[in-house]
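**Student:** got a sequence here, can you model it:
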Amino acid sequence: MKASVSAEPRDEKEFLGLETMIELYIDADACPVKEEIYQVASRYGIYVWVVANSRISIPREGGVEMIVVADGPDVADDWIAEHIQKNDIAVTGDIPLAARCLEKGAHVIGTHGQAFDQESIGLALAHRELNQQLRESGSLMGGPAPLSQRDRSRFLSGLDSAVQKSLRASDGQA
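**Tutor:** The predicted structure follows:
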């Protein structure tokens, strides 16, 4: 568990006994479902990158790495977008980051379990822009509601589906 950005876990996978070549990237600063991600990643043997502007607690088992990036807007997003590859998985609530990951051929799931794809991302970007304008005008106030147990269950199901889709695609079956 290194905090170094120079780590290359794709070379360490055999050593760690990880089963897949896909990796999972967490936009972790405001991610409410990190524990669920660790459970699913452990079950499938997926390497996890936890990317944030400050150190957060991560599991001590192998296969999870904390990356602390500099403070600033979109620094974590830029790191994820630079390192994610085709068929990897990103978990993010950030719609522009989701779009960037999709452009690289990655699978993307939101923190409420919604899968983003080339068809849905345009609508999500437009909805984000509309909400931003409503917030700026004072017509929309407050943030998202806290996650319920049902939301967590929906996320687990969505993440499991994204992993299955990624595994099939990386095996050349999709």
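**Student:** pLDDT on stretch 152-159, on average?
**Tutor:** The average pLDDT within stretch 152-159 is 94.
**Student:** buried residues in it?
**Tutor:** The neighbour-count check on stretch 152-159 (16 or more other C-beta atoms under 10 Å) flags 152, 155-156, 158-159 as buried. C-betas here are computed from N, CA, C, even on glycine.
**Student:** any chance of those in TSV, with distance to residue 68 and secondary structure too?
**Tutor:** Shown next, in TSV, are the buried residues of stretch 152-159 (distance: C-beta to C-beta, whole Å; DSSP: H, G, I helix; E, B strand; the rest coil):
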residue	distance to residue 68	secondary structure
152	26	helix
155	25	helix
156	27	helix
158	27	helix
159	24	helix
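**Student:** in terms of distance to residue 21, which of those ranks first?
**Tutor:** Proximity of these to residue 21 (C-beta to C-beta) peaks at residue 159, which lies at 17.9 Å.
**Student:** ok, the closest one to residue 172 distance?
**Tutor:** From residue 159 across to residue 172, the span is 22 Å (C-beta to C-beta, to the nearest Å).
**Student:** residue 99 too?
**Tutor:** On the measure of C-beta to C-beta, residue 99 and residue 172 end up 26 Å apart.
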